[in-house]
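Participant: Dropping a prediction and its sequence here:
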Amino acid sequence: MSEKGETATPKKEKAEKKKKEKGVYTLYKVEKDKIVRLRPTCERCGPGYFMADHGDRYTCGHCGFTRYKHA
């Protein structure tokens, strides 16, 4: 009989994923003395509700409003 260690194939190493920054730091940028919003706010919900960036469009997660980007 053979032992497990002899016939087992070597395990593949997983590539480490680069972690994305989370929180409010992704929504704002500080330039000199001013704060700049990086994403637009929802037109229906008002200030405080940022829209998600989906490449070709912005979408509100609260009400579902979608605004398409110009090509």
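Facilitator: Structure received.
Participant: quick check, Lys18 in a helix?
Facilitator: No - read with DSSP: H, G, I helix; E, B strand; the rest coil, Lys18 is coil and lies in no helix.
Participant: Next, count neighbours for it.
Facilitator: Residues lying near Lys18 (other CB atoms under 10 Å) number 5. In short, each C-beta sits where N, CA and C put it, glycine included.
Participant: now Asp53
Facilitator: 14.
Participant: Quick check: it touching Thr26?
Facilitator: No - here Asp53 does not reach Thr26: they are 10.0 Å apart, not a contact under CB atoms under 8 Å.
Participant: Residue ranges in the protein under the pLDDT threshold?
Facilitator: In the predicted model of the chain, residues 1-8 satisfy pLDDT under 70.
Participant: Just the CA trace of the lengthiest strand in the chain, in PDB.
Facilitator: For the chain, the strand that runs over the most residues, judged by DSSP state E, is strand 46-53. What follows is strand 46-53, C-alpha atoms only, in PDB (Å, rounded to 0.1, in the frame of the first residue of the first chain):
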ATOM      1  CA  GLY A  46     -31.500  64.100  -2.600                       C
ATOM      2  CA  PRO A  47     -28.100  64.700  -1.000                       C
ATOM      3  CA  GLY A  48     -26.700  61.900   1.100                       C
ATOM      4  CA  TYR A  49     -27.600  59.100  -1.400                       C
ATOM      5  CA  PHE A  50     -24.700  58.500  -3.700                       C
ATOM      6  CA  MET A  51     -25.100  56.700  -7.000                       C
ATOM      7  CA  ALA A  52     -23.100  53.500  -7.800                       C
ATOM      8  CA  ASP A  53     -20.800  53.600 -10.700                       C
END
